[in-house]
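Student: Predicted coordinates and the sequence they were generated for:
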Amino acid sequence: MIFSISGLGKTYKRGEMVFSAAENISFMVDRQDFVCITGESGSGKSTLLNMLTGLLQPDEGFVRFEGRNIAELSDDERARLRNSRIGCIPQGYSLLNNFTVLDNVCLPCCLYNAGRSAYKDAAKKARLILRRMGISHLAAEHPRNLSGGEQRRVAIARGMATDPVLLVADEPTGDLDPKTAAAILGVFGEIHRNGTAIIMVTHEKDHIPFANRHFVMERGQLQEIFPDGTRSSAAPAAEHACISDSFK
Ligand SMILES: Nc1ncnc2c1ncn2[C@@H]1O[C@H](COP(=O)(O)OP(=O)(O)O)[C@@H](O)[C@H]1O
Ligand SMILES: [Mg+2]
């Protein structure tokens with residue numbers, strides 16, 4: 001087992017309204033898992049992923065990664081985890097504009113391995129991954145000169161650069177055309193077969209068969225959908241109002 005998530009909850013306050021973005025979420029992820037999470041926009045998927053990678057502190061519950069409670073690590077230790085054992089592909093724009101595409105992809109490998117030879121090794125590997133992503137010709141460019149889809153592929157390449165044991169991807173193919181998205185999903189399938197666990201949020205129903213487990217997020221509650229169509233039991237009813245209630 002790589003991840004153990006227990007009773008995870010996050011409450012946000014907006015104006016006078018308090019609402020649960022994630023509530024009483026518990027599940028485990030094995031090294032062999034490719035987990036796909038779907039759900040409507042605003043249902044709490046990114047909130048959940050950010051708690052899993054230690055970017056966001058939960059209000060309740062805990063996340064254990066390889067046996068260690070992420071909340072008990074220092075900021076430095078959490079950052080080191082995200083730049084080594086866990087590959088993160090966040091939602092939205094996350095590239096550094098002052099760095100070239102190649103250096104953006106190299107960065108996680110060089111943060112804790114300074115020196116000329118570490119950079120050379122990282123650059124060699126980064127070029128291979130960029131080729132796999134179909135964007136090796138953009139290595140010397142700066143991210144601002146790239147299309148949204150090309151930037152997305154750079155972020156995916158960066159997430160894969162450290163050969164993480166777990167890849168956490170938040171709508172990784174959101175800006176991509178269907179053909180490129182299918183190619184990226186093929187790469188995910190390949191790295192999963194080579195031993196990397198994956199947790200991926202997606203809006204595309206076509207992507208679900210690539211995974212071996214499917215979860216749905218609904219108003220902050222996560223349920224697993226089993227192959228026979230049954231669902232894991234729901235968490236207890238929410239005590240807080242949910243933001244989407246205000247649209248009903
Ligand atoms: N920092 C924040 N403060 C207040 N509300 C937030 C914050 N971040 C997210 N939310 C709200 O929490 C809900 C869940 O957001 P999010 O996790 O981004 O959903 P998803 O990724 O499923 O679209 C949304 O209603 C969003 O507006
Ligand atoms: Mg999101």
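Tutor: Yes, it's here. Ligands and ions are numbered 1, 2, ... in the order given.

Student: What are the boundaries of the helices in this protein?
Tutor: 45-52, 75-82, 101-110, 116-132, 148-160, 178-193 (DSSP state H).

Student: Which neighbouring elements make contact with the third one?
Tutor: Right, the one you point to is helix 101-110. Helices and strands touching helix 101-110, by 3 or more C-beta pairs under 8 Å, 6 or more residues apart in numbering; DSSP states H and E, are helix 116-132, helix 148-160. In this view, the C-beta of every residue, glycine as well, is placed from N, C-alpha and C.

Student: got it, and the longest one?
Tutor: When contacts are defined as 3+ C-beta pairs under 8 Å, 6+ apart, helix 116-132 sits against helix 101-110, helix 148-160.

Student: between those, which one is nearest to ligand 1?
Tutor: Comparing the helices and strands packed on helix 116-132 against ligand 1 with C-beta to the nearest ligand atom, the closest turns out to be helix 148-160 (16.2 Å).

Student: Can you say which of the helices and strands packed on helix 101-110 is packed in most?
Tutor: helix 148-160 (a mean of 23; mean count of other C-beta atoms under 10 Å).

Student: Touching it from outside, list them.
Tutor: Helix 148-160 has contacts (C-beta atoms under 8 Å, 6 or more residues apart in numbering) with 87-90, 93-95, 101, 104-105, 107-108, 126, 129-130, 132-135, 138, 143, 146, 167-169, 172-177, 180, 184, 187, 191.

Student: ok, which of those residues also contact ligand 1?
Tutor: Near ligand 1, taking C-beta under 6 Å from any ligand atom as the test, no member of these is found.

Student: could you dump the helices and strands packed on helix 116-132 to TSV with distance to Ile5?
Tutor: Formatted as TSV, the helices and strands packed on helix 116-132 follow (distance: least, C-beta to C-beta, whole Å):
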stretch	distance to Ile5
helix 101-110	24
helix 148-160	20
